[in-house]
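> A structural model of the following input is requested.
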Amino acid sequence: MSVPSPVNESLLSQRLAALGAARSWAPNVLPELEHFIRTADDYDLLRVNPIQYGGAVRMSEADAIELFVHAAKVGLFDMDWLLICAYCPQVAGSFRELDQVHPRFQCAFCNAINDVALDDYIQVAFTVSSGVRDIIFRHPERLSVEDFYLRYNFSKGFIAPHGMTHQQLVAALSRGFADIEAHEHRSFDFEVTAGRFEVLDLSHKLLLVFFADGEPAEPQETLVQLESGRFLLPDRPTAPKDMVLGDGRFSFRQTADLRPGKHTIRIENRTDDRGRFWFVQYPPGFAPHLVEYEPFLSGKRLLLTPSFRELYKAQLVDEGESIKVSDMTFLFTDLKQSTPLYESVGDVNAYFLVRQHFEILNRIIRERSGSIIKTIGDAVMAGFERPQDAVCAAIEMIEELSRFNQTASRPLGLKVGCPQGAGDCGESQRPDRLFRAGREYRRTRARSRQRQRSLHQRNGDGGAGRR
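Here you go, the predicted model:
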């Protein structure tokens, strides 16, 4: 473990005080966070996963998320929206604001074409503010080339395939790292086997893919010139290539063919900047699959967090974007016979009863990690990350309202529905009214209401104003 970078004492004290004033916390919460900021390794303070932090200090996931959302608001941490490639652990983009997140992108590391959703490969993490503690990962040019790739460019918490550790995976694929300074020439000797051999320079976002096939050849040599932000191969033809590999689509920008065997790659850096190289060998038939991660704070879960919706109302989805939510559970409630309620007990008493019912529903939704998306009249629309939370909330609402009715001046009836499916964050939607139910569900709900109105009319009650 490296020596922790220094802390700005006055700024840390000031912002911890602001965090303490933001809301009430359990007695140990702020001292533990202060200890973490002061003593943790620089890497541990880069892109902190609040769920993992909560597990380490025995906080609930919801409380840990609330802590870091408030800590970011007072300036202790920076909140980053991370675009993660679905086929490798590359952090393809890191953004401070929601309107900068664009879910359709090409990964610079593996050239995969991505179209990610808020609940899969859009993660939210927190890095200690540079004013509070200036960690080395704020200065990637000062990192070793290995740390530049494996710690700075790769996301945390990815699960290596086939039960391997991260170290075993890197050892199996890596053929070496190298920094090549401005105007420096270097040569590298490899035993290239059948499959894909790749030359990466992520400092310039470059990938060169060699497809090795056929019988082993006599020793070969390839000159690679780094010039004007691109690779030039004067002695070997290159071309782009689109392929489907495993679960994904890949659009390799620069490829070449060669035979397996001994191979010397000479690299000439003709630029005024350092090149940061990684040489990788993939075996024959290597098929990329969707990367799995340990539990993390997804974009969807953050947007369902009440404190985020309250504190970051100014954050918008870009006007030209619509970010998908692949799996969302909605909860809809509606009071039965609300119009006769107002007629029978009067507007003031009815309003008081409806407000009490809202308080019950709001408490249960929060306790079950949901978030109210909107209210219309006496109806509520809420969103939940997990369907079991929505179902439990619905059951508890009915049970709690039944207990409420035992002492209420007029019993209330509640209709509850919990549809599950896709949704989206629509154009220019604010976090406090962000999610829209799937289009098909909205059509189904509209048809159901039309059938109810028709039934009321056939029964002669008109249905006007009835709910």
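> For the nearest residue to residue 413 once chain neighbours are set aside, give me its contacts.
In space, not counting the residues next to it along the chain, residue 413 is nearest to residue 336; the distance is 3.4 Å by C-beta to C-beta, 6 or more residues apart in numbering. Where C-beta positions appear, they are placed from N, C-alpha and C, glycine not excepted. In this structure, residue 336 makes contact with 412, 413, 414, 415, 467, judged by C-beta atoms under 8 Å, 6 or more residues apart in numbering.
> And the pLDDT at residue 336?
Looking at residue 336, its pLDDT reads 88.
> how about it, phi and psi?
Residue 336 adopts backbone torsions of phi -80, psi 140, taken as degrees, to the nearest 10.
> how many other residues sit next to residue 402?
Around residue 402 sit 12 other residues, with neighbours defined as other C-beta atoms under 10 Å.
> Tell me how far the closest residue to residue 273 other than its chain neighbours lies from residue 296.
Excluding the flanking residues, the one nearest residue 273 by C-beta to C-beta, 6+ apart is residue 182, at 5.9 Å. The gap separating residue 182 from residue 296 is 38 Å, by C-beta to C-beta, to the nearest Å.
> Between the two, point out the one with more neighbours.
When neighbours are counted by other C-beta under 10 Å, residue 182 and residue 296 differ, and residue 296 comes out ahead with 20 against 12.
> Quick check: that one touching residue 122?
No. Using C-beta atoms under 8 Å, residue 296 makes no contact with residue 122, being 10.0 Å away.
> Nearest spatial neighbour of residue 181, chain-adjacent residues omitted?
Leaving aside its chain neighbours, residue 181 sits nearest to residue 274 (5.3 Å; criterion: C-beta to C-beta, 6+ apart).
> per-residue pLDDT, that neighbour?
Listed pLDDT for residue 274 reads 96.
> And for residue 199?
The per-residue pLDDT reported for residue 199 equals 98.
> how about it, secondary structure?
Look at residue 199: counting by DSSP: H, G, I helix; E, B strand; the rest coil, its state is strand.
> So which residues make contact with whichever strand or helix holds residue 51?
Taking DSSP states H and E as the definition, residue 51 sits inside helix 50-57. Identification of contacts with helix 50-57 by C-beta under 8 Å, 6+ apart yields 28, 32, 36, 59-61, 63-65, 67-68, 126, 157, 294-297.
> Tell me the buried residues in that helix?
Residues of helix 50-57 classed as buried by neighbour count (16 or more other C-beta atoms under 10 Å): 50, 51, 52, 53, 54.
> Among these, which one lies nearest to residue 169?
residue 52 (20.1 Å; C-beta to C-beta).
> ok, residue 143 - contacts?
By C-beta under 8 Å, 6+ apart, residue 143 lies in contact with 136, 137, 151, 152.
> Save these as a markdown table, and put in secondary structure too.
Converted to a markdown table, those look like this (three-state DSSP):
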| residue | secondary structure |
| --- | --- |
| 136 | helix |
| 137 | helix |
| 151 | helix |
| 152 | helix |
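> I'd like to know which of these are buried.
137, 151, 152.
> How about the last one, nearest residue that isn't a chain neighbour?
So the one you mean is residue 152. In this structure, residue 152 finds its nearest non-sequential neighbour in residue 140, 5.0 Å apart by C-beta to C-beta, 6+ apart.
> So what's the predicted local confidence for that neighbour?
Note for residue 140: predicted pLDDT of 96.
> continuing past the helix holding residue 51, what's the next helix or strand?
Counting by DSSP H and E, what follows helix 50-57 is helix 61-73.
> buried set for that following helix?
61, 62, 64, 65, 66, 67, 68, 69, 70, 71, 72, 73.
> correct me, but the last one touches residue 23?
No. Residue 73 is not in contact with residue 23 according to C-beta under 8 Å; the separation is 10.7 Å.
> Could you measure from residue 180 over to residue 271?
To residue 271, residue 180 is 10 Å away according to C-beta to C-beta.
> Residues in contact with both of the two, list them for me.
Among the neighbours of residue 180, those also in contact with residue 271 (C-beta under 8 Å, 6+ apart) are residue 226.
> Noted, bye for now.
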